[in-house]
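Novice: Fold the following and give me the result.
(one chain, ligands or ions: 1)
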Amino acid sequence: MKMSGKKDATLRLACDEIQQYWKGKNVVLAVKKSGKTRDGFDIFDDGRAVRIESASSLGVLYGAYTLLRMQAMGQPLQGTISETPCYDIRILNHWDNPNGTVERGFAGRSIFWHDAPSASSGRARRAVDGVTSASTPQDNAPQKQDDHLVTIWKAYARANASIGINATVLNNVNAKPLMLGDEKLQETKRIADVLRPYGIKVYLSVNFASPKAIGGLSTADPLDPDVRRWWKEKANDIYRMIPDFGGFLVKANSEGEPGPMDYGRSHVDGANMLAEALAPHGGIVMWRAFVYSAKEGSDRAAQAVEEFMPYDGQFADNVIIQIKNGPVDFQPREPISPLLLAMKQTQTMIEVQITQEYLGESVHSVFLAPMWKECFDVAKAPDGFANFDKHIGNRKTAFAGVANIGDSRNWCGSDMAQANWYAFGRLAWNPDLSNEQIAREFLSLTFSTNPVFVTEMTHVLCQSRESCVKYMMPLGLHHIFADNHHYGPEPWYAPKGVRADWLPPYYHKADANGLGFDRTVETGSGATKQYPPSLYNIYNDLNSCPENLLLWFHHVAWNHRMHSGKTLWDTLCLTYEEGVREAEAFADTWRNMKQYVDADRWEALMKRYDRQARDAWWWRDACVLYFQTFSKLPLPDGFRPAKFKLDDLKRYRLVMDNYTAADMDKLP
Ligand code: GCV
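Specialist: Below you'll find the predicted structure:
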């Protein structure tokens, strides 16, 4: 084992990893000027040793993890492995609150924040590198607790670095002003210090009203000189503590969060003001485009384009507009966000959701790589000029994922949910990797390299997202979730006094004629026009619209003939049926995997797979029986009799936390 180049902490980590885990011939780790830039690396065998070379020590660390991954998968080193990451910034967004809760988190509490020092040590239940966290009084001693947190942060950093993730936003986009107070900044510094050797920069979500809320100013108007000064001084303070701080993530004028519009200013005014404060330090602003009007307005799916397009080209060089992959909100299937294709003079980036807010939380095993790749693939449409993976000038490219990480023992609430954290990192590094390859890697590295196990479970993983769409919201249906918790179905939910675009009937528009949201130019909201011509022509026409997005773009008659020759109604019912059968098959496959997986993890996942299949039935019955009240059509052959009655389903809300087997038993 040899190292050449400046022996910084990162190179030393690479050395430690190789010394501890590499079982092959001698390795040389070389940081050299002629090596790959942008943290890329080359790995090759020069006859005497395996050489890992890069222009940076971080590149060498990434090379070391790649070599170890190949070893663990039994892949021989042939020729030169030469890699450079696709996106410059590969960033997790944690929706962690300063009190330790995690918005849309299904894996316990935050690994970063806790309301009181003594409260967290007992909660952080993970055992890492021999450090256990049983909640004894002794364990609550501050020093021990500090050590424990540092151990967790290190393990987190190492896991991220091993898949190329190089940035993290430590707190919720619904940001509390106190995150910029001294105490939280000190804590941020501590975390940054632990993450730094692994090449991970920290960012913070900021509350736009902070100058008013904690700065003693009477306004947060971005054009007010005192406000501008406040942000500059705040940025200076932060960089004094954390010289490599990444920058700010901002959710402004969205879902009640404050923003520049509160003062009659624009997104450009707000974003550029923050950008100016960060620019001298090399920091950036990730300004989110998840906006929809504060009052009910036009088609919600069209609002981000309406609100942002007037500002295309006006954002400062260190601003990136962060856009969710779809136009509404992380639904099991959405078309690509038209804003990602429309903004031509602005650096944009995609935000995907790793945490499964809308895909069965940490109960359903749903592998999300196919969903994210679907978005990348559409973006390659000939005239769909997308900026999220190209540099505009010398701006940075980035890819963000809302993390599914918490203090649960397996990090993600389910061992299989880790596959999505893994897939995010791998795709941020190389979006051309296939779903199968990522699944195979994850399964081999996490459970077993047995070929039967890997083949069978790769199939399950790669099919799982499509099956979830089938049993939840097939054919382009969207947002028919239960109010607020987003686990179960409530297509009927429409209490008086709630704004329509927060309710399922706004999205499915079921009536006696048919089903679906008409977004065509001729008779609907016209949202199809926001796409470039090649996609507009496909989506706007009922006959060319892909059937898996049909009800997103069209209101379709119940007796409309689909490509198969079957009616919409029969196809809808049979697709739900297919989804349930597939979920049942997943459970059966996992049942047969017992011999390949340790008992604890097998059992925990078995419970989840069974529960997934059972709740898929619930989804199927709830949606089909409810839509039948509009179609008034019989259930087609091949659709197994319903297990539930619609009235009962309406009485019991399918909530992950409080819906139990006992509830199920109460049903007739
Ligand atoms: C952080 C959805 C989620 C919210 C989330 C919001 C966002 O509406 O339900 O929990 O808030 O998206 O992305 O800002």
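Novice: Quick check: phi and psi on residue 329?
Specialist: Main-chain dihedrals, residue 329, degrees, to the nearest 10: phi -170, psi 80.
Novice: What of residue 17?
Specialist: Torsion angles, degrees, to the nearest 10, at residue 17: phi -60, psi -50.
Novice: Hmm, residue 65 and it touching each other?
Specialist: Yes: counting by C-beta atoms under 8 Å, residue 17 does reach residue 65; the two are 7.0 Å apart. Placement of C-beta: from N, CA and C, glycine included.
Novice: Disregarding residues adjacent in the polypeptide, which is nearest to residue 97?
Specialist: Leaving aside its sequence neighbours, residue 97 sits nearest to residue 172 (C-beta to C-beta, 6 or more residues apart in numbering; 5.3 Å).
Novice: repeat for residue 345
Specialist: residue 313 (3.5 Å).
Novice: Over to the one you found: give its phi and psi.
Specialist: phi 90, psi -10.
Novice: Next, the contact list for it, please.
Specialist: 344, 345, 346 (C-beta atoms under 8 Å, 6 or more residues apart in numbering).
Novice: check which helix or strand covers the last one.
Specialist: Assigned by DSSP states H and E, residue 346 falls within no helix or strand.
Novice: burial of residue 512, as a residue count?
Specialist: Residues contacting residue 512 under the criterion other C-beta atoms under 10 Å number 8.
Novice: For residue 555, see how far away it is.
Specialist: 12 Å (C-beta to C-beta, to the nearest Å).
Novice: Relative to the ligand, how far out is the residue nearest to residue 345?
Specialist: 25 Å (C-beta to the nearest ligand atom, to the nearest Å).
Novice: Sketch out the strands for the stretch 451-600 of the chain, chain order is fine.
Specialist: For the stretch 451-600 of the chain, the strands defined by DSSP state E, counting those that start in this stretch cover 514-515, 556-557.
Novice: and the closest residue to residue 416 other than its chain neighbours, what does it touch?
Specialist: Excluding its sequence neighbours, the residue lying closest to residue 416 (C-beta to C-beta, 6+ apart) is residue 365, at 4.0 Å. Contact analysis of residue 365 by C-beta under 8 Å, 6+ apart lists 414, 416, 417, 419, 460, 461, 464, 586, 605, 608, 609, 612.
Novice: at 10 Å instead, please
Specialist: By C-beta atoms under 10 Å, 6 or more residues apart in numbering, the contact set of residue 365 is 356, 359, 414-417, 419-420, 457, 460-461, 464, 468, 583, 586-587, 590, 605, 608-609, 612.
Novice: Looking at the stretch 401-550 of the chain, which residue is nearest the ligand?
Specialist: residue 486 (6.7 Å; C-beta to the nearest ligand atom).
Novice: I figured that residue hits residue 103, correct?
Specialist: No: Residue 486 lies out of contact with residue 103 (C-beta atoms under 10 Å); the separation is 11.6 Å.
Novice: quick one: which of those two has more around it?
Specialist: residue 486 (21 against 14).
Novice: Return the residues in contact with the more buried one.
Specialist: 104, 329-331, 356-361, 479, 655-656.
Novice: list residues touching both of residue 486 and residue 103?
Specialist: residue 357.
Novice: Just the buried ones from the contacts of residue 313?
Specialist: Applying a neighbour-count criterion of 16 or more other C-beta atoms under 10 Å, the buried members of those are residue 346.
Novice: quick one: which of the contacts of residue 313 is nearest the ligand?
Specialist: Nearest to the ligand among the contacts of residue 313, with distances taken as C-beta to the nearest ligand atom, is residue 346, at 19.7 Å.
Novice: Up against the ligand, what does the stretch 151-300 of the chain have?
Specialist: 173, 174, 251, 255, 290 (C-beta under 6 Å from any ligand atom).
Novice: Let's see that with 5 Å instead.
Specialist: Residues of the stretch 151-300 of the chain lying close to the ligand by C-beta under 5 Å from any ligand atom are 174, 290.
Novice: mind listing the helices for the stretch 151-300 of the chain?
Specialist: 182-195, 210-213, 225-241, 267-278 (DSSP state H, counting those that start in this stretch).
Novice: Deepest in the core, which of the ones you listed is it.
Specialist: helix 267-278 (a mean of 23; mean count of other C-beta atoms under 10 Å).
Novice: okay, the angle between that helix and helix 225-241?
Specialist: Using axes from the mean of the first three to the mean of the last three C-alpha atoms, to 10 degrees, the inter-axis angle of helix 267-278 relative to helix 225-241 is 40 degrees.
Novice: start the count at 813, not 1, going forward
Specialist: Sounds good: first residue 813 from here, last item helix 1079-1090.
Novice: in this structure, which residue is closest to the centre?
Specialist: residue 1165 (2.1 Å; C-alpha atoms, centre = their mean).
Novice: hang on, isn't that one packed against residue 1215?
Specialist: Yes: at 9.3 Å, residue 1165 counts as touching residue 1215 under the criterion of C-beta under 10 Å.
Novice: Find residues that contact each of the two.
Specialist: In contact with both residue 1165 and residue 1215: 905, 907, 916, 1232, 1236, using C-beta under 10 Å, 6+ apart.
Novice: element containing the last one, please.
Specialist: Following DSSP H and E, one finds residue 1236 within helix 1230-1241.
Novice: Against which helices or strands is that helix packed?
Specialist: Helix 1230-1241 is packed against helix 869-884, strand 901-905, helix 954-974, strand 1160-1165, helix 1181-1191, strand 1210-1214, helix 1247-1258, helix 1263-1284, with contacts defined by 3 or more C-beta pairs under 10 Å, 6 or more residues apart in numbering; DSSP states H and E.
Novice: can you put the helices of the stretch 963-1112 of the chain in a markdown table and add mean pLDDT?
Specialist: Below are the helices of the stretch 963-1112 of the chain laid out as a markdown table (pLDDT from 0 to 100):
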| stretch | mean pLDDT |
| --- | --- |
| helix 994-1007 | 98 |
| helix 1022-1025 | 98 |
| helix 1037-1053 | 98 |
| helix 1079-1090 | 98 |
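Novice: Stretch 976-990: which residues count as buried?
Specialist: 976-985, 987-989.
Novice: Enumerate the residues of the chain near the ligand.
Specialist: 915, 986, 1102.
Novice: ok, the second one touching residue 1061?
Specialist: No: at 11.2 Å, residue 986 and residue 1061 do not qualify as touching, with contact defined as C-beta under 10 Å.
Novice: what is in contact with the two at once?
Specialist: With C-beta under 10 Å, 6+ apart as the test, residue 986 and residue 1061 both reach residue 1017.
Novice: mind listing what residue 1446 touches?
Specialist: Applying C-beta under 10 Å, 6+ apart, the residues near residue 1446 are 1381, 1382, 1385, 1440.
Novice: Now for these: which two are most distant?
Specialist: Across those, no pair lies farther apart than 1382 and 1440, at 11.9 Å, counting by C-beta to C-beta.
Novice: anything in contact with each of the two?
Specialist: 1370, 1446, 1447.
Novice: Quick one: the helices in the stretch 1363-1480 of the chain, in order.
Specialist: 1380-1403, 1411-1443, 1458-1463, 1473-1478.
Novice: So which bits of the second one are buried?
Specialist: Just to be clear, that refers to helix 1411-1443. 1414, 1417-1418, 1420-1440, 1442-1443.
Novice: repeat for stretch 1186-1197
Specialist: 1186, 1187, 1188, 1190, 1191, 1193, 1196.
Novice: Contacts made by it with the rest, please.
Specialist: Contacts of stretch 1186-1197 (C-beta under 10 Å, 6+ apart): 898, 1136-1138, 1145-1150, 1152-1156, 1162, 1164, 1198-1201, 1211, 1239, 1243-1244, 1247, 1277, 1343-1348, 1350, 1358, 1360.
Novice: if we go to 6 Å?
Specialist: The contact list for stretch 1186-1197 (C-beta atoms under 6 Å, 6 or more residues apart in numbering) reads 1137, 1148, 1153, 1156, 1198, 1243, 1344, 1346, 1347.
Novice: Run the chain-centre distance for that stretch.
Specialist: Put simply, stretch 1186-1197 sits 19 Å off its chain's centre (C-alpha atoms, centre = their mean, to the nearest Å).
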